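# structure, please.
(chains A and B)
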Amino acid sequence: MSRDGLKIVIRGCHNLAQYRTLVREHNPRFSGNIDFGLLPCSGKIEPHQLLKFFEHGADGTLVLACPKGACRFVEGNLRAARRAAYAAGWLEKLGLEPERILFRHIDPEAPETVSDIIRDFQETVAKLGPTGVAGG
Amino acid sequence: MIVAEAKPLAEIISLLGSAQRILVIGCDTCVAECAAGGKKEVALMASALRIAMAKAGREVEIREASVDRQCVFKFLSEVGEEVVLADAILSLACGAGVQAMARFYRESVILPGLNTQFIGTTVEAGVWVEDCSGCGDCKLGYFAAVCPVTRCSKKLLNGPCGGSRGGKCEVSPDVDCAWQLIYDRLAALGQLDRLKALVKPNDWSTSQSGKPRTIIREDRRV
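Numbering: from 1, shown residues only, chains lettered A, B, ... in the order given. Below is the predicted model of the structure:
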């Protein structure tokens, strides 16, 4: 399915400069329906919020966190990773693919940019197709 | 606290049957602490049910509520308007909370969303262990506040059994030997002499093995 017809929700830590810039510029390089959001820390994300995105029509959710050992709140990014995995487990219980939730630590030094990750994730979700949940 | 965990989703959906208006109600005390039935878990369960129903092509209204303690009637009266609107109430409380709802709202269908497990302690974030069996004849005073009734696999009051290896129970290497813990704590407290006393068998008639238990305090009844 075309990525344009699918809804992606992205939530990331505002301390990720690359992602923060991208959100504030409302970067036009991305096609498709993307809901960008900034969190004070990735550790603010909760499993019920991730599931709520799918209830409201998301076909995929991406959580972006600071590198391991670099969280300003010490372990917020580690909590976020575990919560994303827990929510992915619930997707599986619901008969949806757990790959619809992707958690990534973002290394500012890595050659792969946030934009690359978003585009790759759009491709992944496009291959999975819509969730079949009303509004999705 | 009472420790519980969510029932399998398929079982919950089966219990809910053809209900069209569902109220998911949490309890903000014990089961909130053990992340099974607090406000966040109510939101998660409600979302999961909405997604499941939508995927099944069913139009079902699912509302959310929670009370401070589902096992206390005065808190249950706060959600009366929500309860009467629902065909089925999915309670994310312990078994006592579910039954308190059923006692208070006699005309409503009350269903359990959790499997109640034990009386336990939060030993670290996300880890809950069983510490108390509610036997009604507490012997913690003899055992340096380590309960052999609950934490010894053989419930020995005059242990250890001899099957302990490296401080672990022979039943499972994941289980600490309660008698090793008792010995270590008494030694640290300088009270090893306590182990010389024979402890009388428990009075199991006060436990769950007897009849359903009731406590009455006359001074609190008015």
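# the longest helix seen in chain A and chain B in contact?
As assigned by DSSP state H, the longest helix anywhere in chain A is helix A:76-93. Yes. Under the criterion of Cβ under 8 Å from any Cβ of the partner chain, chain B is reached by helix A:76-93 at A:90, A:93. To be clear about C-beta, it is placed using only N, CA and C from the backbone, and glycine gets the same treatment.
# can you mark which positions in that helix are buried?
A:76-81, A:83-84, A:86-88, A:90-91 (16 or more other Cβ atoms under 10 Å in any protein chain shown).
# out of those residues, which is nearest to chain B?
Closest approach between the buried residues of helix A:76-93 and chain B, by Cβ to the nearest Cβ: residue A:90, at 5.8 Å.
# residues in contact with that closest one?
Applying Cβ atoms under 8 Å, 6 or more residues apart in numbering or on different chains to residue A:90 gives the contacts A:47, A:51, B:44, B:48.
# tell me the angle of the helix or strand hosting the last one relative to helix A:76-93?
With elements taken from DSSP states H and E, the one containing residue B:48 is helix B:39-55. Here the directions of helix B:39-55 and helix A:76-93 differ by 30 degrees (axes from the mean of the first three to the mean of the last three Cα atoms, to 10 degrees).
# buried residues in stretch A:109-118?
Neighbour counts over stretch A:109-118 (16+ other Cβ under 10 Å) mark A:114, A:117-118 as buried.
# after the longest helix of chain A, which helix or strand is next?
strand A:101-105.
# against which helices or strands is the next helix-or-strand element following that next one packed?
From strand A:101-105 onward toward the C-terminus, using DSSP H and E, the following helix or strand is helix A:114-128. Packing partners of helix A:114-128 (3 or more Cβ pairs under 8 Å, 6 or more residues apart in numbering or on different chains; DSSP states H and E): strand A:7-13, helix A:17-24, strand A:60-65, strand A:101-105.
# let's see 10 Å
Under the contact definition 3 or more Cβ pairs under 10 Å, 6 or more residues apart in numbering or on different chains; DSSP states H and E, helix A:114-128 sits against strand A:7-13, helix A:17-24, strand A:33-39, strand A:60-65, strand A:101-105.
# backbone dihedrals for residue B:141, please?
phi -60, psi -30 (degrees, to the nearest 10).
# count of neighbours near residue B:56?
11 (other Cβ atoms under 10 Å in any protein chain shown).
# ok, it - contacts?
A:95, A:132, B:13 (Cβ atoms under 10 Å, 6 or more residues apart in numbering or on different chains).
# and if you look at residue A:104?
A:12, A:42, A:62-65, A:81, A:84, A:112, A:114, A:117-118, A:120-121.
# residue A:19 now?
Applying Cβ under 10 Å, 6+ apart to residue A:19 gives the contacts A:10-13, A:36, A:38, A:64-66, A:106, A:108, A:113-115, A:117-118.
# pLDDT wise, what is it at?
For residue A:19, the pLDDT comes out at 93.
# returning to that earlier point: flag whichever of the contacts of residue A:19 scores worst on pLDDT.
Scanning these for pLDDT, the smallest score is found at residue A:108, 87.
# residue contacts, residue 84?
Assuming you mean chain A. A:11, A:42, A:45, A:47, A:50, A:61-63, A:65, A:98, A:101-104.
# please refer instead to chain B.
Applying Cβ under 10 Å, 6+ apart, the residues near residue B:84 are B:23, B:105, B:107-108.
# can I have the buried ones of those residues as a ChimeraX selection?
Buried residues among the contacts of residue B:84 (16+ other Cβ under 10 Å), as a ChimeraX selection:
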select /B:23,105,108
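# thinking again about what came up before, dump the helix holding residue B:48 to PDB, restricted to CA.
The C-alpha trace of helix B:39-55 is given here as PDB (Å, rounded to 0.1, in the frame of the first residue of the first chain):
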ATOM      1  CA  LYS B  39      -5.900   4.500  35.800                       C
ATOM      2  CA  LYS B  40      -3.200   3.700  33.200                       C
ATOM      3  CA  GLU B  41      -4.200   0.100  33.000                       C
ATOM      4  CA  VAL B  42      -7.800   1.100  32.700                       C
ATOM      5  CA  ALA B  43      -6.900   3.300  29.700                       C
ATOM      6  CA  LEU B  44      -4.800   0.500  28.200                       C
ATOM      7  CA  MET B  45      -7.500  -2.100  28.600                       C
ATOM      8  CA  ALA B  46     -10.200   0.200  27.300                       C
ATOM      9  CA  SER B  47      -8.100   1.000  24.200                       C
ATOM     10  CA  ALA B  48      -7.300  -2.700  23.700                       C
ATOM     11  CA  LEU B  49     -11.000  -3.500  23.800                       C
ATOM     12  CA  ARG B  50     -11.900  -0.700  21.500                       C
ATOM     13  CA  ILE B  51      -9.300  -1.900  19.000                       C
ATOM     14  CA  ALA B  52     -10.400  -5.500  19.300                       C
ATOM     15  CA  MET B  53     -14.100  -4.600  18.900                       C
ATOM     16  CA  ALA B  54     -13.300  -2.300  15.900                       C
ATOM     17  CA  LYS B  55     -11.400  -5.100  14.200                       C
END
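# mind listing what's buried along that helix?
Buried, per 16+ other Cβ under 10 Å, within helix B:39-55: B:39-55.
# mind listing the strands for chain B?
Along chain B, the stretches classed as strands by DSSP state E are B:2-6, B:21-27, B:61-67, B:88-92, B:110-112, B:114-124, B:127-132.
# could I get the ones you listed as a markdown table with mean pLDDT?
Converted to a markdown table, the strands of chain B look like this (pLDDT from 0 to 100):
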| stretch | mean pLDDT |
| --- | --- |
| strand B:2-6 | 98 |
| strand B:21-27 | 98 |
| strand B:61-67 | 98 |
| strand B:88-92 | 98 |
| strand B:110-112 | 98 |
| strand B:114-124 | 98 |
| strand B:127-132 | 97 |
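# many thanks, I have nothing further to ask.
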